[in-house]
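# I'd like to go over a predicted model; first the sequence, then the structure.
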Amino acid sequence: MVANLFLGRELVHRRGPRALLRMLDRGRMERETIDALENVHISIPDVRRECGLLSGGQRQAVAIARAQQWCDRALLLDEPTAALGVEQQQEVLALIDRVRSTGIGVVLVSHQLPHVMQVADRIVVLRRGEVTADLPRSETSIERLVALITGLEERATTTSREFA
């Protein structure tokens, strides 16, 4: 899992005469992996375990932790709960809330409207490539979102934007 978290950004230290030899700094990568997982309250007992041996929810959590580790302001998640069981979906949604609480903006792309309603502050609906709604979550419902998505309600936008 350490290799997965540092994919393409491995930490190295120089060894040998004139420091020509570059070696992976596995100890530091393991420590930073543990810190990154703890930062978003993910509990994976062995960070040396291959990601392929983790559950779907754990793999998704590792992907989110990796993205959070390398971004400062915003995280784009495209269908992060797809192909997961109900319990694993809830773990990922809770993780999204924790990442958001660190001050990182999260853009969630999802067709799972209950998930959107659970974690969103604002909801933007696209229909045929155009924005048909831009609303605070408090001003909408799943039924209204379905109407906007299907075209039963034409447009819904608010005039005040509350972006941080």
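Structure's in. What do you need? Only a predicted model underlies this, so the values are computations on that prediction, with no experimental measurement involved.

# In contact with the residue lying closest to residue 104 once chain neighbours are set aside: list those residues for me.
Beyond its immediate neighbours in the sequence, the residue positioned closest to residue 104 (C-beta to C-beta, 6 or more residues apart in numbering) is residue 75, lying 5.6 Å away. Backbone N, C-alpha and C define where each C-beta goes, glycine included. Contacts here follow C-beta atoms under 8 Å, 6 or more residues apart in numbering; on that basis residue 75 touches 64, 67, 68, 99, 104, 105, 106, 107.

# isn't the fifth one right up against residue 69?
By that I understand residue 104. No: between residue 104 and residue 69 there is no contact under C-beta atoms under 8 Å: 10.7 Å.

# returning to that earlier point: in terms of pLDDT, where does the residue nearest to residue 104 sit?
pLDDT, residue 75: 90.

# The host helix or strand of it: which residues count as buried?
Assigning secondary structure by DSSP states H and E places residue 75 in strand 74-78. By neighbour count, with 16 or more other C-beta atoms under 10 Å as the criterion, the buried positions of strand 74-78 are 75, 77.
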